[in-house]
Each structure stands twice: as C-alpha cells, then as structure tokens.
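> Model the structure of this input:
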Amino acid sequence: MRLFLIQFPVLSAPPSYLRVIAIHNPPASTINNPDAQNQHSTPAASLTGPAISSPKGVASVMAVVSMEKTFPIISGATVSSKAFESAVNTIFQAYGSLAGVEVAGPEVTPPETIIFPDVTDFTEVALDGAKKAIKAGDAGYVIVMEGQAAGPMEIYVGVGMDGKIAGVAAGANSETAGIGSQALEPDYLKAYIGKTSPDGIDNISGATETSVGVKKLVRAAMELAPALIGDTTPKVDLTVAEDGSASAIIGAVRVEIDAAGKVAGVTAADETADLASIAPEEVKEAMDNALAAYNASKGA
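Below you'll find the model as predicted:
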C-alpha cells in the first residue's frame, strides 16, 4: 500500500489550503481492471472528510482530510467553488505522478464546438490579424484572438453569416480560477450572443480587468469578421428634407426622423403591411441604423 498526503493552495476567498490523502492499494494486475480495483481500494467512508471521486482508470481513493480554512462549495460561492474544483483537478494530476499511474484529465469540449454545437465540419482558414480563424460549416466562422488581461488569454468569437455574434468562448488563459476567470464563464459570455459589438456588456465586479480584456478581443474580432462573411451592414435608403428631417427605409421598416435628430415615427415600409408583424428586434435595429445613417449625413 502506498499513502500520499498532498497539500495544495486554493486561490479562494479567503485563501485556503486543501489537504488530500490518497491511498493507492491495488495489485499490479488490477490497474486496468475496474472491477478488481473496486475490490482492493480502500472505501472513502474510512477516510475523514468528504469523499472525492477518483478519475476513471485510477485505482485509488481520495478524500479531503483537512482544510486550513473551510469554505462552502455551494451555489453562490462561485470563487471558492471554482478554486476548489481547480485544486482537486491539480491534485489528481500530482497524485498520478507520485503513484506512477496515468490520470486522465477532464474531458474538454473545443471552444468552436461550444459556440456551434450543431456543426461537425470545422476548417481552419486564413485571416490576417487573428491568431487563427475557423469556418464552421455553413453556420459562420470562429475568430480566435489572443490578448492580455491579468495574464495571456485566448478568446474564440463565433460570428454567424448575419454578422452577429453566435457565441464567445474562452481558450487557453492564465486567469485566477474563480476570480478573473469569472469573466470567462459561459454564464457571462452568453450576454454577447446576438450582438454586433461588446457595447452594453457589463463588467464583472472583481474581474474588471478580464472583462475589459474580453471586450477588446471581441471588438477586434468583429472588426475582422467582414473579411470572412462580407459586409453585413444593412442598406439604409435615407432621404433628408430641407428642414433637416428625414425618412429612412431599412428592410421592411420605415423610420421618420425629425429635424432634432430624434425618431418621430416608425411604420412598415410596405403601406399594406402591419408593423406588428415585424419582429421587435428588427424594428429596434432599423431605428438604430436609421439614426446612425442620419447622424453620418450630418457629419455627427
């Protein structure tokens, strides 16, 4: 029997140390035999502290035996939970090295698949200014940008053929688990979906530097996107009257703008159609594009 005690610092709030005991007790013949492993491993119940599941293919049992400072691993304790998860994964790898057994790391889904889960055909393409770019079947492209926040980080930006963000995912990064990494979590990054820029995305308190870093990389990716998908800027048919008012038609929407540069009315471009039949987001986008074109005509 071989016994290991591994202590690992946890970057949590407050900082803690996670101590784990590992018992490696199988005959050599059981290493690749899961059923035999179960017969020879010490049950987790015999150890002090909450049990931690052993990774697949490792004849071992691990359990937390002490913590210098305890913290709750619960919903709402994001920093501590993420730090705990990171520490446990690292400890499993350290244990495998000490015990001389192979420890499989956690399964990782490629960022491009996270963004376009229904696509199976990914092909790398050339794109100046990006670390790399990937064509995601007929759904769009993934632009990979590399930058710096608290440390180096990669951001994958999915762009649909409509020019809107299909998703954002984190690649390799050195952000502190549970702290800066909060700005790289799916729950935060999903706020980018459907947008054409990072404008209006809030920063995460405690992870401001990383939040700003992500925004910069997303913005840079969206500036490169037209080289892949073409110019998706909606056509605005703008007519400006002598009094400074204007009328703009964008797709199925007509926007009236007064001389002060404010929206005076919105109707369907087709007089026989009902504005209620047009999606609200399409109407709002038409208003935004009409005002942008009007301001540009005024040199504003």
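> Give me the mean pLDDT for stretch 247-256.
Mean per-residue pLDDT for stretch 247-256: 93.
> For that stretch, C-alpha coordinates in PDB please.
What follows is stretch 247-256 as a C-alpha-only set of coordinates in PDB (Å, rounded to 0.1, in the frame of the first residue of the first chain):
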ATOM      1  CA  SER A 247     -37.100  59.400 -43.800                       C
ATOM      2  CA  ALA A 248     -35.200  56.100 -43.900                       C
ATOM      3  CA  ILE A 249     -36.200  52.700 -45.200                       C
ATOM      4  CA  ILE A 250     -34.300  49.700 -43.800                       C
ATOM      5  CA  GLY A 251     -35.700  46.400 -45.000                       C
ATOM      6  CA  ALA A 252     -39.300  46.200 -44.100                       C
ATOM      7  CA  VAL A 253     -39.200  49.200 -41.700                       C
ATOM      8  CA  ARG A 254     -39.700  52.900 -42.400                       C
ATOM      9  CA  VAL A 255     -38.300  55.300 -39.800                       C
ATOM     10  CA  GLU A 256     -39.200  59.000 -39.600                       C
END
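> Other residues contacting that stretch?
234-239, 241, 245-246, 257, 263-270, 273, 275, 278, 282-283, 285-287, 289-291, 293-294 (CB atoms under 8 Å, 6 or more residues apart in numbering). Every C-beta, even on glycine, is put in place using the N, C-alpha and C of the backbone.
> likewise stretch 111-119?
Against stretch 111-119 from outside (CB under 8 Å, 6+ apart): 122, 134, 136-137, 139-140, 142, 144, 156, 158, 166-171, 186.
> Over to stretch 230-240?
Counting by CB under 8 Å, 6+ apart, 161-163, 226, 246-251, 285-286, 289-290, 292-294, 297 sit against stretch 230-240.
> Strands along the stretch 51-200 of the chain, start to end?
Remark: strands assigned in the stretch 51-200 of the chain by DSSP state E, counting those that start in this stretch are 51-52, 61-67, 122-125, 132-136, 140-148, 152-160, 165-173.
> Kindly supply the ChimeraX command isolating those of the contacts of stretch 111-119 that are buried.
Selection of the buried residues among the contacts of stretch 111-119 in ChimeraX, burial being defined by 16 or more other CB atoms under 10 Å:
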select :134,136,139,140,142,144,156,158,166,167,168,169,170,171
